[in-house]
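Participant: After the sequence you'll find the predicted model.
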Amino acid sequence: MYSVIIIGSGCAGLTAAIYAARANLKPLVLDGHEPGGQLSLTTHVENFPGFPDGIMGPELIENMRKQAQKFGAEFKAGAVTEVDVSKRPFKIIAGKNTYETEALIIAAGASARLLGLKGERELIGHGVSTCATCDGYFFRGKPIAVVGGGDSAMEEANFLSRYASEVYLVHRRNEFRASKIMIDRAKANPKVEFVTPFAVEEIVAPEGHVEGMRLRNQQTKETREIALHGVFVAIGHDPNSIVFKGKLEMDSNGYLLAKHGSLTSIPGVFVAGDVQDHRYRQAVTAAGSGCMAAIDAEKFLEEHKH
Ligand code: NAP
């Protein structure tokens, strides 16, 4: 029986673990299917306060993990397959193991969708990115592409035009999901060139970093190659909330709904990080919300002492 279980070991989960451990709650952190979360998939992080020269994403995550362990947080590998939050203690099932806890912090994150191309995942941090805010700065004066046709793609194309010499907006259809105002803004941007209806067939990276893309026109089937230094995949995120479907309130895209900080519809269950945030999605905001969830869990446990 645990006082607090934290699902997820990204920035939000690890910050929650540091706070809960320092409050002497001996939290258990369940690593999930992507230990370390999205930061572990990136390279240089320059916008996390406190590191004037930047820090590598995996190193930042490893530091947070050590910090949590130092104060007594316990870690176990394994993704959560089922939960019972209908009564306390809550039951968390991860494969063959069942855990019980008085309070639960869900920091399971969101996974950026990828195109599913060969080598794409390995190229994250080597020219492929899923976060314009994080990585745009690395492409100053270089041509890049944004893939997608939703609001995220339009927003990222505009944002990245501040840095890049040219932004190719590559989308598989001539119609867009994005709102008209966002499309108009991107179209009015002299640095953004719309490339439609083209699907990405290959990210060209013979030396292990992005050098270009091979595209195929979805109507004429002609191919086109573009030389580039970066590919920003902006085709949406999926919150890792599936095991909570029907058990906790979520929006139509599956993001868990938090109220008054980290509280959910069930007393004793708290949420933090990208699983409840489709707006900011930053390491520092995830860390901040992890801290809030741990403080809320501590207060809850104090109020519900046996
Ligand atoms: P989205 O609206 O779901 O759009 C995803 C885009 O990616 C679609 O154009 C889709 O193409 C494309 N796509 C999906 N899978 C693909 C694949 N395998 N290969 C190639 N293309 C693929 O996602 P989003 O843009 O991230 O937006 C998510 C939500 O956040 C939306 O509600 C959006 O309005 C909101 N948002 C709002 C703002 C803002 O208002 N400032 C900014 C960002 C996001 P198809 O259309 O062909 O399916």
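Facilitator: Cool, the structure landed.

Participant: Buried ones in the longest helix along the chain, by neighbour count?
Facilitator: Longest helix in the chain, counting residues (DSSP state H): helix 283-303. Across helix 283-303, burial judged by 16 or more other Cβ atoms under 10 Å covers 283, 285-298, 300-301. C-beta here means a position set from N, CA and C on the backbone, and glycine is covered the same way.

Participant: Show me what it is packed against.
Facilitator: Judged by 3 or more Cβ pairs under 8 Å, 6 or more residues apart in numbering; DSSP states H and E, helix 283-303 is in contact with strand 2-7, helix 11-22, strand 97-106, strand 269-271.

Participant: Could you point out which of these sits nearest the ligand?
Facilitator: The ligand lies closest to strand 269-271 among these, at 18.4 Å (Cβ to the nearest ligand atom).

Participant: Let me see the mean pLDDT of the closest one.
Facilitator: In this model, strand 269-271 carries a mean pLDDT of 98.

Participant: So which elements touch it?
Facilitator: Using 3+ Cβ pairs under 8 Å, 6+ apart: strand 269-271 touches strand 97-106, helix 283-303.

Participant: List, one by one, the residues from the stretch 1-150 of the chain near the ligand.
Facilitator: Counting by Cβ under 6 Å from any ligand atom, the residues of the stretch 1-150 of the chain lying close to the ligand are 113, 115, 148-150.

Participant: cutoff 5 Å now
Facilitator: 148-150 (Cβ under 5 Å from any ligand atom).

Participant: Also the stretch 201-306 of the chain?
Facilitator: Counting by Cβ under 5 Å from any ligand atom, the stretch 201-306 of the chain sits next to the ligand at 235-236.

Participant: Compute the number of surrounding residues for the residue of the stretch 1-150 of the chain found nearest the ligand.
Facilitator: In the stretch 1-150 of the chain, the residue that lies nearest the ligand is Gly150 (2.3 Å; Cβ to the nearest ligand atom). Neighbourhood size, Gly150 [other Cβ atoms under 10 Å]: 17.

Participant: Equivalent analysis for the one 5 residues further on, please.
Facilitator: Glu155 has 18 neighbouring residues, counting by other Cβ under 10 Å.

Participant: Then Pro52?
Facilitator: Neighbour tally, Pro52, other Cβ under 10 Å: 7.

Participant: Now do His306, the pLDDT please.
Facilitator: According to the prediction, His306 has pLDDT 50.

Participant: How about Cys134?
Facilitator: 84.

Participant: just checking, what packs against the host helix or strand of it?
Facilitator: According to DSSP states H and E, Cys134 maps onto helix 132-135. If contacts are counted by 3+ Cβ pairs under 8 Å, 6+ apart, helix 132-135 sits against helix 151-160, strand 230-233.

Participant: do that again at 7 Å, thanks
Facilitator: helix 151-160 (3 or more Cβ pairs under 7 Å, 6 or more residues apart in numbering; DSSP states H and E).

Participant: List of residues touching the helix it packs on?
Facilitator: 132, 136, 144, 146, 167, 169, 171, 178-179, 182-183, 185-186, 189, 192, 232, 234, 236 (Cβ atoms under 7 Å, 6 or more residues apart in numbering).

Participant: So what's the gap between that helix and the chain middle?
Facilitator: Mean-position distance between helix 151-160 and its chain equals 17 Å (Cα atoms, centre = their mean, to the nearest Å).

Participant: near the ligand at all, the helix or strand immediately after it in the chain?
Facilitator: Counting by DSSP H and E, the next helix or strand C-terminal to helix 151-160 is strand 166-170. No - using Cβ under 5 Å from any ligand atom, strand 166-170 never reaches the ligand; the gap is at least 8.5 Å.

Participant: give the contact list for the spatially most central residue of the chain.
Facilitator: Residue closest to the average C-alpha location in the chain (Cα atoms, centre = their mean): Ala110, at 4.4 Å. Listed by Cβ under 7 Å, 6+ apart, the contact set of Ala110 reads 237-240, 274-275.

Participant: Show me what it bridges to in the sheet.
Facilitator: Counting by DSSP bridges, Ala110 is bridged to Pro239.
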